[in-house]
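Let me see the structure of the following:
(chains A and B)
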There are 2 protein chains.
Amino acid sequence: MKLQTNMSPKFQIIKRDKKSKARAGIISTPHGNIETPIFVPVGTQATVKAVSPRDLKEMGAQVVLANTYHLHLRPGEELIKKFGGLSKFMSWNGPTMTDSGGFQVFSLGVGKEGGGVKFLREGTKNYKKSEEGHPRLNKISEEGVTFQSHIDGSTHKLTPENSITIQEKLGADLIVAFDDLESPKYDFERTKESLDLTNRWELRSKSAHKRKDQLLYGVTHGGQFKDLRKLSAKFVDENFDAIGLGGAHLSKKNLYDVVDWTTDVVTEDKPRHLLGIGEVDDIFEGVERGIDTFDCVIPTRIARTGFFFISPPLGNMKNRFRTDIDKPQFVEDQKPLDTNCNCYTCQNFTRGYIHHLFRARELLSYSLLSIHNVYFLINLTKQIRQAILDNNFGKMKEEWLL
Amino acid sequence: MKLQTNMSPKFQIIKRDKKSKARAGIISTPHGNIETPIFVPVGTQATVKAVSPRDLKEMGAQVVLANTYHLHLRPGEELIKKFGGLSKFMSWNGPTMTDSGGFQVFSLGVGKEGGGVKFLREGTKNYKKSEEGHPRLNKISEEGVTFQSHIDGSTHKLTPENSITIQEKLGADLIVAFDDLESPKYDFERTKESLDLTNRWELRSKSAHKRKDQLLYGVTHGGQFKDLRKLSAKFVDENFDAIGLGGAHLSKKNLYDVVDWTTDVVTEDKPRHLLGIGEVDDIFEGVERGIDTFDCVIPTRIARTGFFFISPPLGNMKNRFRTDIDKPQFVEDQKPLDTNCNCYTCQNFTRGYIHHLFRARELLSYSLLSIHNVYFLINLTKQIRQAILDNNFGKMKEEWLL
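Sure thing, here's the model as predicted:
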């Protein structure tokens, strides 16, 4: 693929579903096209865990998301810039996306509580001192956020300006404005304060952004308050050419409402990314409400604990389309992980063999399960895209989410 | 590849070096041909650690060795038989080899001491109680060896008969007779006693062996005693169509002598395998003395600690043709691991990127380093084969072992 360094990423809708807000489109980037809807695998540290770039190409991945927080701390954006940018550094050589680093600083490593992320914000009820492997949030000010590295405890600051500078050096095609993260437990007033800060930070992000070969996503906020969400969506729509929504800290019900409120407001022909979402039902519900791209660590994270995705009829809402390779029932099972799947793993390996590898803690088990799981979500979104093109999206959704 | 289940493996020498005992040959097996000399990667638990069967095919691997001890304990030979045998179970679908299980029972998990393996034999000086992850040797008798599983502590017995039965069920093309393992610290008398036991066990192995589509290697013993080594070589040569030598418990000097003594005695047109050897210099010295095949865990084991093979002039006898990706000098290095290498890793990734992955403990680092290291030894033996065919082996050896 020839790198078109002069072009700016563009989005084009090529088909709209008649009965919902679902649409099929193409995001053109200097590193190639992204056909939407599409699931975006996450390569936190410039690698999709246990999956090679060749595996990614082969499974039809079109864009990979890496985390600005992690890459800033290690190996650093200067190094990645020297290596020709993120896409080349990791030998992916296709389109990439980075987030702003904000979500990690606010929430990395902390569990969910009551549907929401536990906040490390000092002074709040759930504030905890830094634990090993987790960042510690020191201070939020108008300027930005000070935190300590989870690697060596060193103090760092993220601001709208340096988040953008870092992302410009990382060189992804799709980047994200720096925002504040509200707790789902905030009341209206506190949420509005957070939203106001987000808006100021996103405007500063926009001002700081110079590279025109990168598409900058604004991110909408406003918690679970419809009025704030609509205000936020309008604000982002007025100021950005691409729309991001955070999803990982919302309950499913809130998530679907929030997506609906947002996509009702924003200009139709801007690409919309739902950050941190990768459950099968959430992807269907998101697409139905007009989302184009999704990223999530789910497929590789659950793979490392032995879980793999299964399609209907075996996979369903009750088992969340997944099961566990560690189960004794798989010992003698000569079928592939998913009988409907065409991934490398399912074309070549049996459940019984992968069960053996997983029990023996062989590294190949993590690769094979990760390849299957990432392929599964990519293939699901590709099938969804085809269903939209074939005027068949509603029926496909029904068949999956029985 | 079409599986020829009726054929018996055969060995043919196609070229002899004029100045040494080196030769190039072909071992034909039901699962395909093996062009010798060749390095045989080890897939202990029916997987070459962190390397997929596709990677193995792509790097030119021709045969994979798995460990009878490990597979007997998990998942068990009955299961592997149900899955169509080892080669199919692991989706390698090419030639395979299994060892007898003896070496693991005698030595697994114990360190080297004075150039030799520490023995767990009860009553000897270095006897230790079982440690977690290590088998415990309970008893050696005329019948065989009783030991405890390193997985769950359960008691198992290996005898010549059941080692062969297990290997027949595993279904590899090349299998190995069950033998006793002498300590390098034994005196002549004690070594002779061990050799006599080995001979009785190997004859019983031969009697037990029914599958004619498997080639059974006898293994020569006799410690460092030339007379015993010659006796053993004659014995194995008289009774078997393929010759094995154990190498992992010998010093380099002893190893080369032992190989020389053995290959001076045995019939020339039988294939010769050197068990457990995979250092670059040992491969050259082994080939020079008439060895056809080598297996060793070295390439994948050192990969998981960050080490990778390098060819001359950077690689040499002093650094044992290896260096450590963890070194700070590699942080900004945009060259491949080895500039002379055509493996997937070297064709696609930089030292700087792999250094980053390794520092971040990313699973992909172990895969990329393992792929390179296994390819390196396979490619080395392929180059050696070509050098023999080109009457150039002596010169190639000189250039490498400066």
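
Flag every residue of the stretch 251-400 of chain A that's near chain B.
The stretch 251-400 of chain A has residues A:331-332, A:334, A:344, A:348-350, A:352-353, A:356-357, A:359-360, A:362-364, A:366-368 near chain B, with proximity defined as Cβ under 8 Å from any Cβ of the partner chain. For the C-beta atoms, the positions are set from N, CA and C on the backbone; glycine is no exception.

Let's see that with 7 Å instead.
Within the stretch 251-400 of chain A, the positions near chain B by Cβ under 7 Å from any Cβ of the partner chain are A:332, A:334, A:348-350, A:352-353, A:356-357, A:359-360, A:362-364, A:366-367.

tell me which element the closest residue to A:R304 other than its chain neighbours is part of?
Distances taken as Cβ to Cβ, 6 or more residues apart in numbering or on different chains put A:Y366 closest to A:R304, at 5.3 Å, once the chain neighbours are dropped. A:Y366 belongs to helix A:363-389 when assigned by DSSP states H and E.

Then A:I26?
Using DSSP H and E, A:I26 sits within strand A:23-29.

and if you look at A:I34?
strand A:32-36.

Please put the alpha-carbon coordinates of that strand into PDB.
The C-alpha coordinates for strand A:32-36 follow below in PDB (Å, rounded to 0.1, in the frame of the first residue of the first chain):
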ATOM      1  CA  GLY A  32      -5.800   2.800   3.500                       C
ATOM      2  CA  ASN A  33      -9.600   2.500   3.700                       C
ATOM      3  CA  ILE A  34     -11.700   1.400   6.600                       C
ATOM      4  CA  GLU A  35     -15.100  -0.100   5.600                       C
ATOM      5  CA  THR A  36     -17.600   0.500   8.300                       C
END
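
which residues touch stretch A:299-312?
A:41, A:48-51, A:278, A:315, A:321-326, A:337-338, A:340, A:358, A:366, A:369-370, A:372-374, A:376-377, A:399-400 (Cβ atoms under 7 Å, 6 or more residues apart in numbering or on different chains).

Okay, now the unreliable bits of the stretch 51-200 of chain A?
Low-confidence segments of the stretch 51-200 of chain A, defined by pLDDT under 70: A:107-138.

switch to 90 and redo it
The model of the stretch 51-200 of chain A has pLDDT under 90 over residues A:102-140, A:146-154, A:182-186.

Mind listing residues that contact the strand holding A:I26?
A:9-17, A:33-37, A:95, A:173, A:271, A:290, A:292, A:385, A:388-389.

quick one, what contacts A:W400?
A:W400 makes contact with A:V280, A:F284, A:P312 under the criterion Cβ under 7 Å, 6+ apart.

Pull the number of nearby residues for the first one.
Pointing back at A:V280 there. For A:V280, the number of neighbouring residues by other Cβ atoms under 10 Å in any protein chain shown comes to 23.

Isn't it up against A:M317?
No: the pair A:V280 and A:M317 does not pass the contact test of Cβ atoms under 7 Å, sitting 8.5 Å apart.

Can you tell me which of the contacts of A:W400 end up in helices?
Among these, the members falling in helices (DSSP state H) are A:V280, A:F284.

out of the contacts of A:W400, who's nearest B:W261?
Nearest to B:W261 out of the contacts of A:W400 is A:V280 (Cβ to Cβ; 65.2 Å).

Give me the pLDDT value at the closest one.
A:V280 carries a pLDDT value of 98.

residues touching it, list them.
By Cβ under 7 Å, 6+ apart, the residues touching A:V280 are A:F321, A:L380, A:W400.

Turn those residues into TSV, including distance to A:T165 and pLDDT.
Formatted as TSV, the contacts of A:V280 follow (distance: Cβ to Cβ, whole Å; pLDDT from 0 to 100):
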residue	distance to A:T165	pLDDT
A:F321	40	98
A:L380	36	98
A:W400	42	98
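
which residue sits closest to the residue in the stretch 151-300 of chain A that chain B sits nearest to in space, ignoring its chain neighbours?
Nearest to chain B in the stretch 151-300 of chain A, going by Cβ to the nearest Cβ, is A:I151, at a distance of 9.0 Å. The spatially closest residue to A:I151, leaving aside those adjacent along the chain, is A:L73, at 5.6 Å (Cβ to Cβ, 6+ apart).

Kindly report the same for A:M7.
Closest residue to A:M7 apart from its sequence neighbours, by Cβ to Cβ, 6+ apart: A:P30 at 5.4 Å.

so that neighbour sits right up against A:A172, yeah?
No: A:P30 lies out of contact with A:A172 (Cβ under 7 Å); the separation is 10.3 Å.

Other residues contacting stretch A:369-385?
A:24, A:35-39, A:41, A:48-51, A:55, A:59-61, A:278, A:280, A:283, A:287, A:299-300, A:302-303, A:308-309, A:325, A:337, A:341, A:343-346, A:354, A:393, A:396.

quick one: which of these sit in strands?
Among the contacts of stretch A:369-385, the members falling in strands are A:A24, A:E35, A:T36, A:I38, A:F39, A:P41, A:F308, A:F309 (criterion: DSSP state E).

how many other residues sit next to the third one?
Neighbour count for A:T36, taken as other Cβ under 10 Å: 28.

thought it was touching A:D292?
Yes: in terms of Cβ under 7 Å, A:T36 counts as a neighbour of A:D292; the distance is 3.9 Å.

Pick the one among the contacts of A:V280 closest to B:A248.
Scanning the contacts of A:V280 for proximity to B:A248, where the rule is Cβ to Cβ, the winner is A:F321, at 47.2 Å.

if I pick A:P160, what's in contact with it?
By Cβ under 7 Å, 6+ apart, the neighbours of A:P160 are A:G144, A:F178, A:W201, A:R204, A:S205, A:A208.

Now it, what are its backbone angles?
phi -50, psi -40 (degrees, to the nearest 10).

show me what contacts A:G171?
A:K81, A:G85, A:L86.

Grab the nearest non-local neighbour of the second one.
Pointing back at A:G85 there. A:G85's closest residue in space is A:G171 (Cβ to Cβ, 6+ apart), at 3.0 Å.

same deal with A:N391?
In space, A:N391 is closest to A:K18, 6.7 Å off (Cβ to Cβ, 6+ apart).

Is that neighbour located within a strand, as I assumed?
No: counting by DSSP: H, G, I helix; E, B strand; the rest coil, A:K18 is not part of a strand but coil.

Could you point out the helix or strand that follows whatever helix or strand A:T198 lives in?
Element membership of A:T198, judged by DSSP H and E, is helix A:188-208. Using DSSP H and E, the helix or strand that follows helix A:188-208 in sequence is strand A:215-220.

what pairs with that next one, and is each one parallel or antiparallel?
The strands beside strand A:215-220 in its sheet (DSSP bridges) come out as strand A:174-176 (parallel), strand A:242-246 (parallel).

other SSEs contacting the next helix or strand after that strand?
Using DSSP H and E, the helix or strand that follows strand A:215-220 in sequence is helix A:226-239. With contacts taken as 3 or more Cβ pairs under 7 Å, 6 or more residues apart in numbering or on different chains; DSSP states H and E, helix A:226-239 sits against helix A:188-208, strand A:215-220, helix A:252-265.

ok, for A:N6, nearest residue in space, not its chain neighbours?
Closest residue to A:N6 apart from its sequence neighbours, by Cβ to Cβ, 6+ apart: A:D213 at 7.2 Å.

was I right about that neighbour contacting A:H31?
No: if you go by Cβ under 7 Å, A:D213 and A:H31 don't touch, sitting 9.4 Å apart.

the more surrounded of the two?
A:H31 (28 against 17).

who touches the residue nearest to that one when sequence neighbours are not counted in this structure?
Nearest non-adjacent residue to A:H31, counting by Cβ to Cβ, 6+ apart: A:P95, 4.4 Å away. By Cβ under 7 Å, 6+ apart, the residues touching A:P95 are A:T29, A:H31, A:G32, A:I34, A:Q62, A:V63, A:D173.
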